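# No letters, just coordinates:
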C-alpha cells in the first residue's frame, strides 16, 4: 500500500492570475516539485548525468474543485505506484493545510526517456526507491 | 461540425527546461492563449467587468507524444463544443508547423464561475460565438 | 542596521531552461516570495482586502554571477530599508546554501499603489514591521 | 544608429497576477522572446549545437511605469548595441499598441558563455547580424 509523501507549498503573487486564484497550470508545477522531492533531486541529477535518462510525463489528468488563493499554505500529497517496468503512476492532490477535501486532484503517468528521447525501462533504483517508500 | 481555430506560438528559452524540451505545464499556457483568442479577449474582459463571470477549467487531460524544442514554430489547433448549458469542451492540440501528427493533445473541460466562484450558466454570447465559429 | 531575512528555495525542473541553469526571470520570482514572507502574507492580504493597497515594484536591478542548477538548495537573503514615506528598497541576494558568494544580486525598489493604481504612502504597519525586523 | 525591432505580444491570463496587472517578472520573458526573434532562433540553436555557446544575461535594469492588463496588445521595442567584443546592450521597452509612452523600460546587458559557462567573445555572426540590422 503506497504511503503518502507531503510537500508544503505556499501561494505567492506569481502563482495567481487576475481572476484571484492560482493559475490552472501552476498545479502541475506543484506536482512536479513534489515528485522531484519524492524521488530525490540528487539521485535524479546523478541518473541524468551518468545515463542521460530522465522522467517524462506522457499523460496527466487534473480535476479542479476549488481555487487556491494568494497566501494559502498548501500541501501536495503524492503516492507513487509502478504500473509496469516502464510506467509509473503518481496520484497527486493539493490540499489546503487543515482542509477537509482536496482542492485539486491529479493523476500523472510517467515513463523514462534516454538522451535521444527514446523510451527505456525504469532504472532499478527508481523501483527500489518506490518500494522502500511504500513499505 | 466544429471548425478549428489556429494560434501560432513560438518556443522560447523560458518555455523549455534543462531536459531540452518544453516543460509539461507550458502546453496548458498555450492552450489558454488559444482559448482566449478563440473567444476574444475584449469580450472576456467585458463580461468579467460587467458581471464578474469568467471561465474556469474544471478538468484537463493532456497526452504528450513528443516534446517541442527551443525555436520550434508551433500551432495550437482548437475546437470548441458546448456540452450543456453549463459546460464547454475544448479539444486542443499542439502541432509543429508542417508536422504530420500532434505533439501534445488536450481535452479541456470548462465552466463559468461568478465573482463568488459559484457555477453559473454559460453566458448567451459564449454559445452564440461558438455556434457562429462552428457554422 | 537591517537584519537579513532568509527564505530557502529549491530549484526544480520548471525553474531551469534548456541551457541547464535557472531562467533569468525566475530569480525575480524567488525575490517576490522572499518579500511576501518578509512582510507576512496574511497582513498583505488583509491590507489589500480592506484598503485595496498593495506593493508594486517600480524598479529592479539584477546582477547575475553564476547560474543555479536543477536540484540546488538556495536561500534568498533579503534586507529591507525604507527610503521615504513612499518608497522601500529591498536588497535581495540568492546564495547556494553553504556558498561563499551570491549567485545573483538584486535591488528592488517598491512603492504602494491603491486600487486605482495610484501612488499612496506606505501603510504605517509596513514601516513598523520593517523597524521591528531591523531592530 | 540602431534600428528598432518590434515584437507583438498579447497579455493572457497566465501573465497577470491577482493584483490585476502583468506580473513584474513576465516582462523579462517578453524581453527574452524579442531578443530571440531579433537574433533569429535558428541561428541561436545552430550556434549552441555546434559550439556550445549561448547568450547569458549578466545584468538587467527594469523600470515599471504602468502595468499591462489582460487582453492588452503590446509590442516589445528592442534596439541592440555592441559594447565591446564581449558585451552587448539591449534597450528594450514594452509599449501598448498605439500608446504614447512605454509601460516598462529595460536595459539588458548580455555576454556569451561556452558549454562550461565560461565567458567567450561574441561570435562573429552576432556582430555582423547587429551591424546589418542597424545599418
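Received, thanks. In this text the structure is predicted, and so the values were computed from the model without any measurement. Numbering: from 1, shown residues only, chains lettered A, B, ... in the order given.
# Around residue A:36, how many other residues sit close by?
Applying other C-beta atoms under 10 Å in any protein chain shown, we find 21 residues neighbouring residue A:36. C-beta here means a position set from N, CA and C on the backbone, and glycine is covered the same way.
# A strand includes it, no?
No. Counting by DSSP: H, G, I helix; E, B strand; the rest coil, residue A:36 falls outside a strand, being helix.
# Next, the contact list for it, please.
A:44, C:10, C:12-13, C:71 (C-beta atoms under 8 Å, 6 or more residues apart in numbering or on different chains).
# which two of the residues you listed lie the greatest distance from each other?
Spatially, the most separated pair among the contacts of residue A:36 is A:44 and C:10, at 12.1 Å (C-beta to C-beta).
# what sits in contact with each of these two?
A:36, C:71.
# Within range of chain B, give me the residues from chain A.
Within chain A, the positions near chain B by C-beta under 8 Å from any C-beta of the partner chain are A:19, A:21, A:24-26, A:28-29, A:32, A:48, A:54, A:56-67, A:117.
# Now the buried members of these.
Among those, those scoring as buried are A:19, A:21, A:24-26, A:28-29, A:32, A:48, A:54, A:56-60, A:62-64, A:67 (criterion: 16 or more other C-beta atoms under 10 Å in any protein chain shown).
# Residues contacting stretch A:26-33, please?
A:7, A:9, A:15, A:60, A:62, A:64, A:74, A:76, A:78, A:90, A:92, A:94, A:104, A:106, A:108, B:24-25, B:28, C:10, C:12-14.
# In helices, which of those fall?
Using DSSP state H, the members of the contacts of stretch A:26-33 that fall in helices are residue B:28.
# Next, give phi and psi for residue A:96.
Here is the backbone geometry of residue A:96 (degrees, to the nearest 10): phi -80, psi 140.
# hang on, the earlier thing: sort out which of the contacts of stretch A:26-33 are in strands and list them.
A:7, A:9, A:60, A:62, A:64, A:74, A:76, A:78, A:90, A:92, A:94, A:104, A:106, A:108, C:10 (DSSP state E).
# which one of those residues is nearest residue D:121?
residue C:10 (34.9 Å).
# residue furthest from the geometric center of chain A?
Going by C-alpha atoms, centre = their mean, the residue of chain A most distant from its centre is residue A:18, 25.7 Å out.
# low-scoring pLDDT stretches of chain A, where are they?
A:1 (pLDDT under 70).
# near chain D, which residues of it show up?
Checking chain A against chain D by C-beta under 8 Å from any C-beta, the hits are A:13-14, A:16-21, A:23, A:25, A:69-70.
# Hmm, residue A:90 is touching residue A:78, no?
Yes. Counting by C-beta atoms under 8 Å, residue A:78 is a contact partner of residue A:90 at 5.9 Å.
# Next, show the common contact partners of those two.
The contact lists of residue A:90 and residue A:78 share A:31, A:35, A:38, where a contact means C-beta under 8 Å, 6+ apart.
# Return the member of those residues nearest to residue A:100.
residue A:31 (21.0 Å).
# Quick one: classify that closest one as helix, strand or coil.
Residue A:31 ends up helix, using three-state DSSP.
# Spatially nearest residue to it (excluding sequence neighbours)?
For residue A:31, ignoring the flanking residues on the chain, the nearest one in space by C-beta to C-beta, 6 or more residues apart in numbering or on different chains is residue A:92 at 4.6 Å.
# how near is that neighbour to residue C:11?
Using C-beta to C-beta, to the nearest Å, we find residue A:92 at a distance of 20 Å from residue C:11.
# Next: residue A:120.
In terms of C-beta to C-beta, residue A:120 sits 25 Å off from residue C:11.
# cool, residue A:28 as well?
Residue A:28 is 17 Å from residue C:11, by C-beta to C-beta.
# Residue A:43 now?
15 Å.
# Residue A:42: neighbouring residues, count only.
Using other C-beta under 10 Å: residue A:42 sits among 9 other residues.
# Please identify the buried residues of the helix or strand harbouring it?
Element membership for residue A:42 (DSSP states H and E) is helix A:41-51. Judged by neighbour count (16+ other C-beta under 10 Å), helix A:41-51 contains these buried residues: A:41, A:44-45, A:47-48.
# That helix packs against which elements?
strand A:54-64, helix A:124-134 (3 or more C-beta pairs under 8 Å, 6 or more residues apart in numbering or on different chains; DSSP states H and E).
# Format these as JSON lines; extra columns: distance to residue B:100.
Putting those into JSON lines (distance: least, C-beta to C-beta, whole Å) gives the following:
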{"stretch": "strand A:54-64", "distance to residue B:100": "19"}
{"stretch": "helix A:124-134", "distance to residue B:100": "33"}
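# Residue C:83 is nearest to which of these?
Closest among the helices and strands packed on helix A:41-51, once you apply C-beta to C-beta, is strand A:54-64, at 41.9 Å.
# now the angle from the closest one to helix A:124-134?
If you take axes from the mean of the first three to the mean of the last three C-alpha atoms, to 10 degrees, strand A:54-64 sits at 40 degrees to helix A:124-134.
# Give the pairing partners of strand A:54-64; include direction for each.
If you go by DSSP bridges, strand A:54-64 pairs up with strand A:104-113 (antiparallel), strand B:54-64 (antiparallel).
# What pairs with the following helix or strand past the first one, parallel or antiparallel?
Just to be clear, that refers to strand A:104-113. Using DSSP H and E, the next helix or strand after strand A:104-113 towards the C-terminus is strand A:119-120. Sheet pairing here is set by DSSP bridges, and for strand A:119-120 it gives strand A:104-113 (antiparallel).
# what does the partner strand rub up against?
Under the criterion C-beta under 8 Å, 6+ apart, residues A:27-28, A:31, A:35, A:53-66, A:68, A:83, A:86-94, A:119-123, A:126 lie in contact with strand A:104-113.
# ok now that strand, how far from the chain's centre?
Chain-centre distance of strand A:104-113: 7 Å, with C-alpha atoms, centre = their mean, to the nearest Å.
# Helix A:41-51 and that strand, what's the angle between them?
Going by the same axes, to 10 degrees, strand A:104-113 makes 30 degrees with helix A:41-51.
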